[in-house]
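A.B. asks: One predicted model, sequence on top.
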Amino acid sequence: MAWYSFQHRGDNFGRYGTVDAGGESTNPSETVGSGDHYVTPETAAAIYGLVSSLNNDGLSIDLGDMSSSNGSDPWQAGFAHHSGHGHNGNRSGIDVDFRYLNNNGESFQSGNAFNSPSFSQNNNQTVYDTADRFGFTVNYQGTSGNLTGPTQISNHNDHGHLGRANNNSNITNLQRPIKSIVHRPGYMRF
Ligand SMILES: [Zn+2]
């Protein structure tokens, strides 16, 4: 697998969090690559489509952990492993975290974003709805959230999680985008 190194910043997106060094994890035993912005080429295309579409809606987004340079979860000594991002070869290069959006249409940092007056229900719903159109169908929100679509899960009140199905045929077969064009006339706005 050739991992695609996703750029850390662009016109309408940025990044947050530590760029993990990787290394030899002993408990559990795992050789971890460096960095945190590696995805499959298909996932990279999906993320670019997502951020471009969000930009057309006047929104910008900060992205966090994807996978490390060898497809494992991003990690360095002193940190916990990040299941759902390639840990032990499970879900490598098909997931991305993001910081929730505020009323200005920008990602913001908060320990519990849902309880912040800055939190925008509409803008974050747009993120999940748009992500779904680009093949992110395994999505999570924090336990304080009540957005439509993403599953509630612990440890996600400060960031959201977008994941593609393990079967990547939704992108390589172009099934979802083609269906989206047919059923959603506004889809090609980006
Ligand atoms: Zn995540």
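C.D. replies: The structure has been received and is ready for your questions. Numbers count the residues shown, from 1 in each chain.

A.B. asks: residues near Ser144, how many?
C.D. replies: 13 (other Cβ atoms under 10 Å). For the C-beta atoms, the positions are set from N, CA and C on the backbone; glycine is no exception.

A.B. asks: since we're on the closest residue to the ion within the chain, how many residues are nearby?
C.D. replies: Here the chain gets closest to the ion at one residue, His161, 3.6 Å apart by Cβ to the ion. Residues lying near His161 (other Cβ under 10 Å) number 23.

A.B. asks: can you offset everything so residue one is 53?
C.D. replies: Noted, 53 is the first residue going forward, which turns the last one into His213.

A.B. asks: How far off centre is the strand or helix carrying it?
C.D. replies: Here His213 sits within strand 212-215, counting by DSSP states H and E. In terms of Cα atoms, centre = their mean, to the nearest Å, the gap separating the centre of strand 212-215 from the centre of its chain is 5 Å.

A.B. asks: same for it, what does it pack against?
C.D. replies: strand 147-150, helix 173-185, strand 192-193 (3 or more Cβ pairs under 8 Å, 6 or more residues apart in numbering; DSSP states H and E).

A.B. asks: Show the average pLDDT along that strand.
C.D. replies: Mean pLDDT, computed over strand 212-215, is 98.
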